[in-house]
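**Student:** sequence first, predicted model second:
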Amino acid sequence: MSTAIEIRSAVKRYGTTTALHAVSLEIADNAFFTLLGPSGCGKTTLLRCIAGFEDLNEGEIRLFGQDIARLDPNHRPVNTVFQHYALFPHMTVLENVAFGLKMIGVSLDDRRARAGRMLEMVHLSAFADRMPTQLSGGQQQRVALARALAPEPKVLLLDEPLSALDLKLRQAMRVELKTLQEETGITFVFVTHDQEEALTMSDRIAVMSQGRVQQVGSAREIYEAPVNRFVADFIGETNLIEVTVERIEGDWARVILPGGHVIRCAAAGTSPGKHHLSIRPERLSLAKTGELVATIERVVYLGTDLQLLTRLTSGEAIQVRLQNSARTEVPAPGTQVALHLEEGAARLLAD
Amino acid sequence: MAGLTPSGQGNGSGYRRIVAPLLLPTWLMIGIFLVLPVLLMAIYSFLTKEFRGGVIWDFTLASYDQFFLNRGLFGDEPPVIEWTYITIFWRSIWQAAVATLICLAIGFPTAWFIATRPPRSRAIWLFLITIPYWVNLLIRTVSLKFLIRDNGPLNEPLMALGLITDPLPLVNTNLAVQLGLFYSYLPFMVLPIYAAVERYNFALSEAAADLYASRWVTLWEIVLPVVKPGIIAGCILVFVPSLGAFLAPDLLGGAKTFMIGSLIDEQFRGSQGNWPFGAAAAMILMTLVLIVLMFYARAQAREGAR
Ligand SMILES: Nc1ncnc2c1ncn2[C@@H]1O[C@H](COP(=O)(O)OP(=O)(O)OP(=O)(O)O)[C@@H](O)[C@H]1O
Ligand SMILES: [Mg+2]
């Protein structure tokens, strides 16, 4: 598979603040690639550098092998769906969608036909002659999408396009976006701070924090094999426990939990000493007997799941998630239980 | 809350009973300062001229007749069209249009510049733009005349430097009048455009660039249409007073640049005045302006209906 975008040690500074610290990324062609990270981590900045609205201070960005540093935004084969849509208020929906085609010199009849097809694709044919202000937020979002897709760019950049929509619409649009990406074969670079959105839609995800890329991988890799505390904590829920790595035996590490309980888990490039251990709540279960003893403090009913807030005898708080089935016995708060850790459930983190 | 319930709907008249007296000052203002003077002018334009200024209460169409038709020195020849005043009107419209265009050409970049400064320095720039307005228009126009006269501070240094041998003939020319109008009304162009540009969402320009529009195309296809209401407001605010201006043409122009404003002004001065004729000319001017504004309003309405 060829590479659509290659970013090499990109640095972007605004005065004294550094928005991007030496970001390097490879984005494959035809992929649904997501930039995920908390507010202010530099996602928009990276996207704007790719689109050409900002210049890098250092590093380079290659688009299909070509260095695009010297190209103005209007010469980059990249289109953007803006966070607040930025629809042209003086043009009808159809004119908005046809604008990019007009700029690349498509004839009037042709662009009307093509823009019409785009509107069909986003189910807005009936709204072609309306003005943008006469549309709902979700409809405006689709117009922005159709407008950016109409000139058939090689890469589509989407900056939190779903953040202004309500939950139901957002979920529907996730599926639509994913389908659209697969149908068109255009590389999507999607920005979000919503990890659920990222996990459900992406082929690959780059997790960013404070201007740095923390980890790049598939949804599964990022969820199950986070490389550091930030990723483990940001993606899903997790229990982070400070532990001591006693020794490393090949790929495995002997780890001592705070209460003295010893487990074996993948070394993940760590060396003996203090480290953090990440345990997903759903990978823990209750057992009749065991060495890892905890007291139940609270039981939270979540519908499909039960969340147990427990405390180890050594004092650490641990969350456990149980599926809510008819067989589930709900222990009362105050009872002592043993926690069972599946093989491979705990993940040692490098930092 | 009561007013919002269905049973409270009948309170509409009660509401009006309270509000109507509160609106009284507004109606008084409009009545005294707008309707009354215009009505007075309209009536005067149909009266007969009194010998030493003033009017005789004899209703006649003579003033309008005098404006449009020439019946010879003694009024007994077959009427032909009188071009004198129509020419003055035409020249004034032309002059005002040119002044408006110059104000637009300079005012738009100025407004753009101010609106794109950081918020705190915008206030300072706007303040600087309005500072000349603290001085009376007459004084400003006279100072402009001093500035551009033959041995003024513009011509003297140029001649001293040997760049020109004769002073630039500026006073009493069309150019000087344009300069005067431009100087008088530029802020009326800058302020509304500034307000429009300040509200302009620059993400639209980015979106246009993203969709392969060059800078000029973006300006033409996106920026100008979006800030158009500000531009049109500015043009009206400059065009209308330029049309009736008499200070700049009087002080800076010569005999060849006689304008409507001066024509009307003259009719109300001293014993050579002709009040009914001045009133008629004013009414014709007002009708012209109203027609222009009506066309604009119609165009706006059509656009809004889209
Ligand atoms: N024009 C600018 N001038 C100065 N600092 C900026 C500018 N734009 C962004 N920054 C800073 O750069 C950092 C990254 O900003 P960016 O907009 O890329 O964050 P983000 O990840 O998109 O956040 P969000 O999820 O809130 O949109 C922030 O600390 C921000 O304050
Ligand atoms: Mg952002």
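**Tutor:** Received, thanks. Ligands and ions are numbered 1, 2, ... in the order given.
**Student:** domains in chain A, by residue range?
**Tutor:** Under the assignment automatic domain parsing, the domains of chain A span A:3-224, A:237-349.
**Student:** and of the ones you listed, who's closest to chain B?
**Tutor:** Nearest of those to chain B, taken as C-beta to the nearest C-beta: domain A:3-224 at 3.6 Å. To be clear about C-beta, it is placed using only N, CA and C from the backbone, and glycine gets the same treatment.
**Student:** give me the below-cutoff pLDDT ranges for the stretch 51-200 of chain A.
**Tutor:** Scanning the stretch 51-200 of chain A for pLDDT under 70 picks out no residues.
**Student:** before we move on, back to that, redo the domains of chain A as JSON lines? Include mean neighbour count and distance to residue B:125.
**Tutor:** Converted to JSON lines, the domains of chain A look like this (neighbours: other C-beta atoms under 10 Å in any protein chain shown; distance: least, C-beta to C-beta, whole Å):
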{"stretch": "domain A:3-224", "mean neighbour count": "19", "distance to residue B:125": "23"}
{"stretch": "domain A:237-349", "mean neighbour count": "15", "distance to residue B:125": "53"}
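**Student:** would you reformat the ones you listed as CSV and include distance to residue B:174?
**Tutor:** Putting these into CSV (distance: least, C-beta to C-beta, whole Å) gives the following:
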stretch, distance to residue B:174
domain A:3-224, 37
domain A:237-349, 79
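**Student:** which other residues reach stretch A:48-62?
**Tutor:** With C-beta atoms under 8 Å, 6 or more residues apart in numbering or on different chains as the test, stretch A:48-62 has contacts from A:3, A:5-13, A:20, A:22-24, A:45, A:67-69, A:71-73, A:76, A:78, A:80, A:155, A:157, A:189, B:206, B:209-210.
**Student:** for the lowest-mean-pLDDT helix or strand in chain B, packing partners?
**Tutor:** The helix or strand of chain B with the lowest confidence, counting by mean pLDDT, DSSP states H and E, is helix B:12-22 at a mean of 78. Of the remaining helices and strands, none touches helix B:12-22 by 3 or more C-beta pairs under 8 Å, 6 or more residues apart in numbering or on different chains; DSSP states H and E.
**Student:** beyond that helix, next helix or strand please.
**Tutor:** helix B:24-30 (DSSP states H and E).
**Student:** now do the contacts for the closest residue to ligand 1 within the stretch 251-351 of chain A.
**Tutor:** Nearest to ligand 1 in the stretch 251-351 of chain A, going by C-beta to the nearest ligand atom, is residue A:351, at a distance of 21.4 Å. The contact partners of residue A:351, taken as C-beta under 8 Å, 6+ apart, are A:228, A:229, A:276.
**Student:** what of residue A:186?
**Tutor:** Contact partners of residue A:186, counting by C-beta under 8 Å, 6+ apart, are A:30, A:149, A:152, A:153, A:154, A:155, A:156.
**Student:** so which of the contacts of stretch A:48-62 reach ligand 1?
**Tutor:** Filtering those for neighbours of ligand 1 using C-beta under 6 Å from any ligand atom leaves residue A:45.
**Student:** follow-up on the earlier one: mind checking which of the domains of chain A is nearest residue B:301?
**Tutor:** Of all the domains of chain A, domain A:3-224 sits nearest to residue B:301, with 15.1 Å by C-beta to C-beta.
**Student:** distance from stretch B:80-93 to the middle of the chain?
**Tutor:** From the chain centre to the centre of stretch B:80-93 is a distance of 19 Å (C-alpha atoms, centre = their mean, to the nearest Å).
**Student:** contact partners of that stretch?
**Tutor:** Stretch B:80-93 is contacted from outside by B:66-70, B:243, B:257-261, B:263, B:281, B:284-285, B:288, using C-beta under 8 Å, 6+ apart.
**Student:** please apply the same query to stretch B:244-254.
**Tutor:** Here stretch B:244-254 makes contact (C-beta under 8 Å, 6+ apart) with B:95-96, B:137-138, B:141-142, B:144-145, B:148, B:171-174, B:176-177, B:179-181, B:184, B:257-262, B:264-265, B:285.
**Student:** go on, stretch A:81-91?
**Tutor:** A:44, A:95-96, A:99, A:131-133, A:140-141, A:143-145, A:147-148, A:156-161, A:163-164, B:201, B:203-204, B:206-208, B:222, B:225-226, B:228.
**Student:** send the alpha carbons of the helix or strand where residue A:248 lies over as PDB?
**Tutor:** Residue A:248 is part of strand A:239-249, with elements assigned from DSSP H and E. Listed next in PDB are the C-alpha coordinates belonging to strand A:239-249 (Å, rounded to 0.1, in the frame of the first residue of the first chain):
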ATOM      1  CA  ASN A 239      -6.700   0.800  36.500                       C
ATOM      2  CA  LEU A 240      -3.200   2.300  36.800                       C
ATOM      3  CA  ILE A 241      -1.200   0.700  39.700                       C
ATOM      4  CA  GLU A 242       2.400   1.500  40.600                       C
ATOM      5  CA  VAL A 243       4.400  -1.800  40.700                       C
ATOM      6  CA  THR A 244       7.900  -3.000  41.000                       C
ATOM      7  CA  VAL A 245       9.500  -5.000  38.200                       C
ATOM      8  CA  GLU A 246      11.700  -7.500  40.100                       C
ATOM      9  CA  ARG A 247      13.500  -9.100  37.200                       C
ATOM     10  CA  ILE A 248      13.200  -9.600  33.400                       C
ATOM     11  CA  GLU A 249      13.300 -13.200  32.000                       C
END
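**Student:** just checking, next helix/strand downstream of that strand?
**Tutor:** Following strand A:239-249 toward the C-terminus (DSSP H and E): strand A:252-256.
**Student:** show me what that following strand is packed up against.
**Tutor:** Using 3+ C-beta pairs under 8 Å, 6+ apart, strand A:252-256 sits against strand A:239-249, strand A:262-266, strand A:346-349.
**Student:** distance from the chain centre to that strand, please.
**Tutor:** Using C-alpha atoms, centre = their mean, the offset of strand A:252-256 from its chain centre is 31 Å.
**Student:** which residues sit in contact with the residue lying closest to residue B:57 once chain neighbours are set aside?
**Tutor:** Leaving aside its chain neighbours, residue B:57 sits nearest to residue B:47 (6.2 Å; criterion: C-beta to C-beta, 6 or more residues apart in numbering or on different chains). By C-beta under 8 Å, 6+ apart, the contact set of residue B:47 is B:55, B:56, B:57, B:58, B:59, B:60, B:275, B:276, B:279.
**Student:** my guess is the second one contacts residue B:49. True?
**Tutor:** Yes - counting by C-beta atoms under 8 Å, a contact exists between residue B:56 and residue B:49, whose distance comes to 7.4 Å.
**Student:** so between those two, which is more surrounded?
**Tutor:** residue B:49 (21 against 12; other C-beta atoms under 10 Å in any protein chain shown).
**Student:** wait, the more buried one touches residue B:271, no?
**Tutor:** No - using C-beta under 8 Å, residue B:49 is not in contact with residue B:271; the gap is 11.4 Å.
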